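Student: with the sequence up front, the predicted model follows.
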Amino acid sequence: MSAAGDDTKLFRSIGLKDSTLKNIGKNASTASTLKQCIADAGVSNGCDASVGKLIFDIATAKPMQNDNAQTHRKQLLSYVANGGIQNVVQLAAAYKFITQNVTFDAKKFEQSCGVGVVVTEAQITQTVDEVIAKYKTQLSEKGKGCLGVMFKEIKSTLPWADGKQMSAIFNAKFKAALQSSGFDPKKNKCKKEKKVEEKKQAAEEEEEEVETMDKWLTGRELEVAKNSESQLAQKKAALAKLGLPADTFLSRFPPEPNGFLHIGHCKAMTFNFTLADSKSGSCYLRFDDTNPTTEKQEFIDSIVENVTWMGFAPWKVSYSSDYFRELHELALRMIRNGDAYVCHQSDEQVKAERDSFRKRVNVTPSPYRDRSVAENLRLFELMRCGYFAEGEATLRMKGDFTSANPNMWDHIAYRIMYAAHPKSGDAWCIYPTYDYTHCIVDSLEWITASCCTLEFENRRESYFWLLDVLDLYKPVVWEYSRLNLTFNVLSKRKLLVLVNDGYVRGWDDPRMLTVNGLRRRGFSATILRDFCNRVGVTRKDNFISPALLYACARDELNRTCSRAMAVIEPLKIVITNYDAHKVEDIECPDFPNTQQQSTHCVKFSRVIYIDASDFQSGQAKNKKFYGLSEAKSVRLKYAYQITCKEVVYKAGTQEIDYLRCEYDAKQGKTVKKGSKGFITWVSEKDARPAEFRLYEHLFTVEKPGGDDWLKLLNPQSELICKGFVSEYVASTMADKQRYQFERYGYFVRDPDSDSSPHPVFNRTCILTESAKKK
């Protein structure tokens, strides 16, 4: 039997599956390490699959590459072989111990890893019963809202228990306890409990994904993505030249400068910069500028400004075009190695070729695929010199047209484009494609983790194939789900239609999810980062409700926005028993219900304005209506109580002209605790005209799509109202910018205020979601 056959027999004897054996066979280094681990564990004659799985983990896990871990590997394997370490929870604790300790203290090791700890079914049952008894009251109030915290407490009490057994016992007993608790899901689904449940669920999902990501970054590499010793040595030397330690973690945020950033980019940059920071590393801002026909300096400048505004400081700002010469040299290497060829097929011919690959019928690869190296070098040079017209020749990578992955079907590496580049000018007329450039620049910049969205997952095979044929360092690759928000679109094609066809004001329209649009609407960088962190990073495609974004906004704006009064749809009131010549200063708190003592003053006079919605005729006896009606009294916020005495209509119409009211001078401005019926107002002596732009969802459905997606636009997505703000707002808005206009929501000063004869305010969000229903 051959050596390879002996290895396969050995690896099967410890219970490894054929799929695992296949990957091991592709990497001689892994096979060698695994053989040594089996020998050191003393199981060359075979062992239980559960033990073999742990031995394989030790042979391939990244923590074991640590010098301390290498020294202690044999001791660790002995614990696995004799049953001291029995599961991945113990193994993870063992990795942590041996990587952090130069000497191996067996007693401390066993304590930290739970060696010899046997958790019986009876112990699990007892602990579960104790925790359920402890949470009996909360269980009757919150039901399943207690599940996460209860199970976490059980896991904390019994860290070395069998997870499946513990979960089965807990689930059965929790279900029984819930049924007997008297919990009524209909009665208890109030707003507060929903919010607690959402936060708990989000925290659990974030914890799960962080754990998954961390585990993957420390040991879930594909076999084909393993780096050789020489490649790792090259990386170490390159990082040393940059003044960085060998274990420096580098990530990158790589936008294409062919448009403006949107909220999906906020998630990507937040993830990549935060990931690097959590690893005490650094993050590049890299522009993927390989298509000069769509890229503009305007977009580059905007992206740099938005990244800075978001609060992130790139370690370096780089461009794919910085590497055009290296990319060209590597393309020549591919040609010389027989891995690339010049092709003259048209787009239609390439499509037909790929269709034949897909159907596996009459497979017809390019007729130019087998050209000689010399001929390909000559033709590629002619491409570079401008000999061919656009579309007349391309350089294609010679992948594997028998592969089930379309990304291996001879993708284009270079195409001819007679267009000046924003950075390199007209130095080149051939430009590399994304599929060729992306992975190479990741490698040249020694990126640790190349993280992108899930639509690029099927490119992983071609990513590693290209780096492999070029013998370049291979970063770790991980894909995560895109950020999708309901009632809006993020497709660049659809955004262009909305802007170019005039459906919105421009790229910074407050209804758009572009970063500039979000900024104009009043969302700060800290709000957007908080939102991205709450959404988290998962591999599950989902659509997020904008309600979460508004909740993040309220959490911040409630603390930071000064209160002020405004009238959005004015209705005039004449207080007939108030002196026509009298004007009072009314002191209003900037932050009521807090310990902050700052205040501002507004004027009070005989003529004031309230919002039209605060008056309804015939509602005097309606206890659920807290506004003004005939013969009904309400309190003007921070001022007097008034009673409506008469409704005055415009001549010959049923349209209200103004209200005649009286104020209660005896009661004064003191408000009894628990009083209801407060309405906001602005005095005629203090009123300054203002424009208010109120925003709703851009579309009427959660997921606008199909050919008629434009018909789904919400005609009420922007409502413009003409009203009043006080002089206090008009005189401070240049400095404060944002206000909570009491009872209406959070507003921000719009840049149109600079050119308008009156201030313009955009509503960021309403005060509460329930306010919509009132």
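Tutor: Yep, that arrived. What you are looking at is a predicted structure, and each value in this text was computed from that prediction instead of being measured.

Student: helix or strand for the closest residue to P570 other than its chain neighbours, just tell me which one.
Tutor: Of all residues not flanking P570 in the chain, Y609 sits nearest, at 4.2 Å (Cβ to Cβ, 6 or more residues apart in numbering). The way it works is simple: take the backbone N, C-alpha and C, and place the C-beta from them, glycine included. Counting by DSSP states H and E, the element that carries Y609 is strand 607-611.

Student: mind listing the strands that strand pairs with, and their directions?
Tutor: Paired strands of strand 607-611, with direction, are strand 570-575 (antiparallel), strand 681-683 (antiparallel) (DSSP bridges).

Student: tell me how far the longest one lies from the chain's centre.
Tutor: Relative to its chain's centre, strand 570-575 lies at 48 Å (Cα atoms, centre = their mean, to the nearest Å).

Student: contacts for that strand?
Tutor: 606-612, 614-615, 642, 656-663, 681-682, 723-724 (Cβ atoms under 8 Å, 6 or more residues apart in numbering).

Student: derive a PyMOL selection command for the buried subset of the residues you listed.
Tutor: Remark: buried members of the contacts of strand 570-575, expressed as a PyMOL selection using 16 or more other Cβ atoms under 10 Å:
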select buried, resi 606+608+609+610+611+614+615+642+658+659+661+662+663+681+682+723+724
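
Student: quickly note the distance from P255 to V748.
Tutor: To V748, P255 is 26 Å away according to Cβ to Cβ, to the nearest Å.

Student: confirm that G723 sits in a helix.
Tutor: No: per DSSP: H, G, I helix; E, B strand; the rest coil, G723 lies outside any helix segment and is strand.

Student: bridging residues for it?
Tutor: Bridge pairing for G723 (DSSP bridges) gives the partners A690.

Student: wait, it sits on I568?
Tutor: Yes: between G723 and I568 a contact is recorded at 4.5 Å, counting by Cβ atoms under 8 Å.

Student: overlap of the contact sets of these two?
Tutor: Common contacts of G723 and I568 (Cβ under 8 Å, 6+ apart): D611, F692.

Student: residue ranges with poor pLDDT in the stretch 1-150 of the chain?
Tutor: In the predicted model, the stretch 1-150 of the chain carries pLDDT under 70 at residues 1-4, 19, 23, 26, 62.

Student: returning to that earlier point: need the CA coordinates for the strand holding Y609. CSV is fine.
Tutor: Only the C-alpha atoms of strand 607-611 are listed here, as CSV (Å, rounded to 0.1, in the frame of the first residue of the first chain):
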residue,chain,number,x,y,z
VAL,A,607,-52.7,86.5,20.2
ILE,A,608,-51.1,83.1,20.0
TYR,A,609,-51.0,80.2,17.6
ILE,A,610,-51.6,76.6,18.3
ASP,A,611,-51.5,73.6,15.9
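
Student: direction included, what does the helix or strand that that strand is followed by pair against?
Tutor: Per DSSP H and E, strand 607-611 leads on to strand 633-636 as the next helix or strand towards the C-terminus. Sheet pairing for strand 633-636, assigned by DSSP bridges, gives strand 641-649 (antiparallel), strand 678-679 (parallel).

Student: okay, these, which one's buried deepest?
Tutor: Sort the strands paired with strand 633-636 by mean neighbour count, taking mean count of other Cβ atoms under 10 Å, and strand 678-679 sits at the top with a mean of 20.

Student: distance from that strand to the middle of the chain?
Tutor: Using Cα atoms, centre = their mean, the offset of strand 678-679 from its chain centre is 40 Å.

Student: helices of the stretch 351-500 of the chain, start to end?
Tutor: For the stretch 351-500 of the chain, the helices defined by DSSP state H, counting those that start in this stretch cover 373-385, 434-444, 460-469, 492-500.

Student: so which of these is nearest G25?
Tutor: The closest of those to G25 is helix 460-469. By Cβ to Cβ, the value is 15.7 Å.

Student: name the helix or strand for K603, please.
Tutor: Using DSSP H and E, K603 sits in strand 599-604.

Student: same deal with I98?
Tutor: I98 belongs to helix 88-100 when assigned by DSSP H and E.

Student: got it, and D129?
Tutor: Here D129, judged by DSSP H and E, is contained in helix 121-134.

Student: in the helix or strand following that helix, which residues are buried?
Tutor: Elements were assigned by DSSP H and E; along the chain past helix 121-134, the next helix or strand is helix 136-142. By neighbour count on 16+ other Cβ under 10 Å, the buried set for helix 136-142 is L139, S140, K142.

Student: now distance to L513 too, for those, in JSON lines please.
Tutor: Shown next, in JSON lines, are these (distance: Cβ to Cβ, whole Å):
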{"residue": "L139", "distance to L513": "40"}
{"residue": "S140", "distance to L513": "42"}
{"residue": "K142", "distance to L513": "34"}
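
Student: for this structure, where's the lowest mean pLDDT among helices and strands?
Tutor: helix 191-217 (a mean of 48; mean pLDDT, DSSP states H and E).

Student: read off the pLDDT value for N542.
Tutor: Predicted confidence (pLDDT) for N542: 78.

Student: centroid residue for the protein?
Tutor: What sits nearest the mean C-alpha location of the chain, by Cα atoms, centre = their mean, is K267, with 3.1 Å.
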